[in-house]
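Enquirer: The following comprises the amino acid sequence and a computationally predicted model.
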Amino acid sequence: MKRIITKQHYFKSLLNVVNQHATVFEGKRGLQSIKTDFEFRVRRISEIISDISRPVSIFYRPKQYAGERLNYAMKVMTGMGCMAASINGDATMLAIMHAYNAQLNKVSAYRLYVNAMHVTEELKKVHVDTAGKDFHEKKLPAFRQQVKEFGVMLETLSDQLRRRKSLKIELATLIADTNRFLRYQMDAIVRFNSADYPDFYREYMLIRREHKRKRPSAGKTQPEVATESKDICQMDTAHSKPSQQPALNKDLLPHNPVQETVYAVKQDHETEAVAENEIPQECLAEASLSPILSICRSLCSVEVMLN
């Protein structure tokens, strides 16, 4: 509703500008009819808004009050019907009255109206000796009149709600048509007379331009920060998987002199431990020449013996 009232003030502001510069339309029958049409549109919009701006509770409140009164009257009348049915031994009427009594304050307003009409028809069967003479002459007719008035109130409320709905539809259609009317007729008149009436053109267009809403451009790109954050999130997701972690390059690791010293000392100790368990190269050479030397010695000893 706030947006509709703002639109109404907008149309009224444009109409005030048109009325202040009425000389633009004087002596021009076609332009005068357009001005009259614009005045009718603004006046009709104001009338509809004044009608539908009333709270809907003012329509429902009389129905609610009348429904409470009818429920109380139904309680009294169904009690009377139960008493008469018990005295006469009418089991059918007794069941009907019990059923209607059980539905009090539980059914809709229209269902209450229908039940009350049925009760008035059933109570016609009550004998005068049981209910008394005043019951058929005063109490039952008064109850029947109360039920009829409640039915008329329901019809009136239904008509008021339908009219309220139709007015809202008419208002929406009228606002849309007025927007097109301004775009294709009134704006054209103002532009055509801009050279002769610059003040009229300036005041009218000032209101028109202020009302235009800014529409977001279709090709607007997202900020680079959002793109970078998205890439970082994707990189974090990729690195979080152990199967996709790349091999570390030792050359790219930061230089740590303490760690390198510990690593060098560790290698020296491992080299010394291996050297202690290995056979020296000199011993390996002697072991490889020992069979040849033994043969040479044995041949020398044989030669000495022969001599």
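Expert: Okay, I see it.

Enquirer: Please verify my assumption that Y201 contacts I189.
Expert: No. Taking contacts as Cβ atoms under 8 Å, Y201 lies outside contact range of I189: 10.1 Å. No exception for glycine: its C-beta is placed from N, CA and C like everyone else's.

Enquirer: list the helices and strands the helix or strand containing T156 packs on?
Expert: Here T156 sits within helix 140-181, counting by DSSP states H and E. Packing partners of helix 140-181 (3 or more Cβ pairs under 8 Å, 6 or more residues apart in numbering; DSSP states H and E): helix 2-20, helix 29-52, helix 57-88, helix 109-123.

Enquirer: of the ones you listed, which approaches T156 most closely?
Expert: Checking the helices and strands packed on helix 140-181 against T156 by Cβ to Cβ gives helix 57-88 as the closest, at 8.8 Å.

Enquirer: could you check the angle helix 109-123 makes with that closest one?
Expert: If you take axes from the mean of the first three to the mean of the last three Cα atoms, to 10 degrees, helix 57-88 sits at 30 degrees to helix 109-123.

Enquirer: Buried residues of helix 57-88, list them for me.
Expert: The neighbour-count check on helix 57-88 (16 or more other Cβ atoms under 10 Å) flags 66-67, 70-71, 73-74, 77-78, 80-82, 84-85 as buried.

Enquirer: and the helix holding T156 with helix 29-52, angle?
Expert: Going by the same axes, to 10 degrees, helix 140-181 makes 140 degrees with helix 29-52.

Enquirer: what are the C-alpha coordinates of stretch 146-158, in CSV please?
Expert: Extracted in CSV, the C-alpha atoms of stretch 146-158 (Å, rounded to 0.1, in the frame of the first residue of the first chain):
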residue,chain,number,x,y,z
GLN,A,146,-32.8,-12.4,13.8
VAL,A,147,-31.7,-15.3,11.5
LYS,A,148,-32.8,-13.5,8.4
GLU,A,149,-31.0,-10.3,9.4
PHE,A,150,-27.8,-12.4,9.9
GLY,A,151,-28.2,-13.9,6.4
VAL,A,152,-28.6,-10.4,4.9
MET,A,153,-25.4,-9.3,6.8
LEU,A,154,-23.5,-12.2,5.3
GLU,A,155,-24.6,-11.3,1.8
THR,A,156,-23.6,-7.6,2.4
LEU,A,157,-20.2,-8.6,3.7
SER,A,158,-19.6,-10.9,0.7
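
Enquirer: what's near enough to touch the closest residue to H118 other than its chain neighbours?
Expert: Nearest residue to H118, sequence neighbours excluded (Cβ to Cβ, 6 or more residues apart in numbering): Y100, at 7.1 Å. By Cβ atoms under 8 Å, 6 or more residues apart in numbering, the contact set of Y100 is M74, T78, N115, H118, V119.

Enquirer: tell me the pLDDT at Y100?
Expert: Y100 is assigned 91 on the pLDDT scale.

Enquirer: can you check G132 too?
Expert: In this model, G132 is scored at 75, pLDDT.

Enquirer: And the closest residue to E149 other than its chain neighbours, how far from Y113?
Expert: The spatially closest residue to E149, leaving aside those adjacent along the chain, is A66, at 7.4 Å (Cβ to Cβ, 6+ apart). For A66, the distance to Y113 equals 10 Å [Cβ to Cβ, to the nearest Å].

Enquirer: and for those two, which residues touch both?
Expert: With contacts defined as Cβ under 8 Å, 6+ apart, the residues shared by A66 and Y113 are F150.

Enquirer: Might you list the low-confidence residue ranges for the stretch 1-150 of the chain?
Expert: By pLDDT under 70, the low-scoring segments of the stretch 1-150 of the chain are 129.
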